[in-house]
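Enquirer: I need the structure of the sequence given here:
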Amino acid sequence: MKHVVSFSGGVGSWATGRRVAQKYGTDDLVLLVADTNTEADDWRPFVDACHADIGGELIMLDNDGKDIWDTFKDARFIGNSRVDVCSRVLKREPLRAWFEETCDPENTIVYLGFDWTEEHRLHRARPYWEPWHIESPLCDPPYLQKAELLEELDSVGIPRPKLYAAGFPHNNCGGACVKGGQAQWRRLLFTDPRRYAYHEDKEEEMREFLDKNVSILRDRTGGESTPLTLRSFRERITKEPSLFDKDDGDACSCMTPMEPREIHVQLGSP
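Expert: Sure thing, here's the model as predicted:
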């Protein structure tokens, strides 16, 4: 049986890979990574350190160097919390293509890094990944909090990704996940203004390219949803840091399709 861990570069991926290696060994273990080319500076060293600790084969899909803004330009659409063009093009599609080219569903198990608090995401993801059998070992006992996983990471001497130290719940796209919402982008502005400025400039370029009033974020004050650019958001919370939607949280889930039709297309339905 071939065991393939979808390895995003977070502590959940590391813990998932470890549990699979401890249960089945590493002879038929693959850590499969799809690089968004938008990651933090310490992301690749972390991936390599995790691979050294877990074992097995590390396979990196580099997407020909494309990053999230390349996918938005190709699609003529800026990704957001509801439609994640970037994770579809840079993660789900290349990973699925690799499975189709390399793996037989009859003797392959694919592992996702969801934990026991995210079991609903596992259920949503399974239809997309058919006919491959999907498991998430962190949904099974022992049930550990992320803080406990990070303590385990410390115990084996792997440095924590800097995003965790900055308060991010994930280690994806350098803290600039388009699904993250206002809470995440506020955190990015205050912890890494250089990276925030980069994405702000790219968003302005895309708005000019598309000649449309579109944005990653939405302003829902007053009950009406309108585009909220990263520039406007920065100007707003620089003046008053509390002026953001605290319920527009910072979850990131690239392996769960956000677009309902995406599942039907993969399963061959019209």
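Enquirer: C-alpha from now on. contacts and neighbour counts both.
Expert: Fine.
Enquirer: how about the strands in the stretch 51-200 of the chain?
Expert: Per DSSP state E, counting those that start in this stretch, the stretch 51-200 of the chain has strands spanning 57-61, 108-111, 133-135. These are given in chain order.
Enquirer: any idea of the mean pLDDT in the longest one?
Expert: Confidence for strand 57-61, expressed as mean pLDDT, is 98.
Enquirer: which helices and strands does that strand pack with?
Expert: For strand 57-61, the elements it packs on are strand 29-34, judged by 3 or more Cα pairs under 8 Å, 6 or more residues apart in numbering; DSSP states H and E.
Enquirer: Quick one: mean pLDDT for the strand it packs on?
Expert: Mean predicted lDDT for strand 29-34 stands at 98.
Enquirer: got it, and stretch 232-240?
Expert: pLDDT averaged over stretch 232-240 gives 90.
Enquirer: please renumber so the chain begins at 17
Expert: Let's use 17 as the start, then, which means that last one is stretch 248-256.
Enquirer: Counting neighbours, which bits of it end up buried?
Expert: Residues F249, R250 are the ones in stretch 248-256 that count as buried (16 or more other Cα atoms under 10 Å).
Enquirer: go on, stretch 48-59?
Expert: Under 16+ other Cα under 10 Å, the buried positions of stretch 48-59 are L48, V49, A50, D51, T52, N53, T54, E55, A56, W59.
Enquirer: and what of stretch 91-105?
Expert: So for stretch 91-105, counting by 16+ other Cα under 10 Å, buried means F93, I94, G95, N96, S97, V99, D100, V101, C102, S103, R104, V105.
Enquirer: Excluding chain neighbours, give the residue nearest to the fifth one in space.
Expert: Read it as S97. Among residues not flanking S97 along the chain, K195 sits closest, at 3.8 Å (Cα to Cα, 6 or more residues apart in numbering).
Enquirer: Surely the one you found touches D100?
Expert: Yes - between K195 and D100 there is a contact at 7.1 Å, judged by Cα atoms under 8 Å.
Enquirer: residues in contact with the biggest helix by length in the chain?
Expert: If you go by DSSP state H, the chain has its longest helix at helix 209-226. Contacts with helix 209-226, where a contact means Cα atoms under 8 Å, 6 or more residues apart in numbering, come from 85, 89, 92-94, 190, 192, 201, 204-205, 229-232, 245-247.
Enquirer: and stretch 109-123, how far out from the chain's middle?
Expert: 20 Å (Cα atoms, centre = their mean, to the nearest Å).
Enquirer: how is this structure carved up into domains?
Expert: 18-177, 197-255 (automatic domain parsing).
Enquirer: Now do the end-to-end distance for the shortest one.
Expert: Using Cα to Cα, to the nearest Å, the gap from the first to the last residue of domain 197-255 comes to 19 Å.
Enquirer: Also the longest one?
Expert: Terminal residues of domain 18-177 are spaced 29 Å apart (Cα to Cα).
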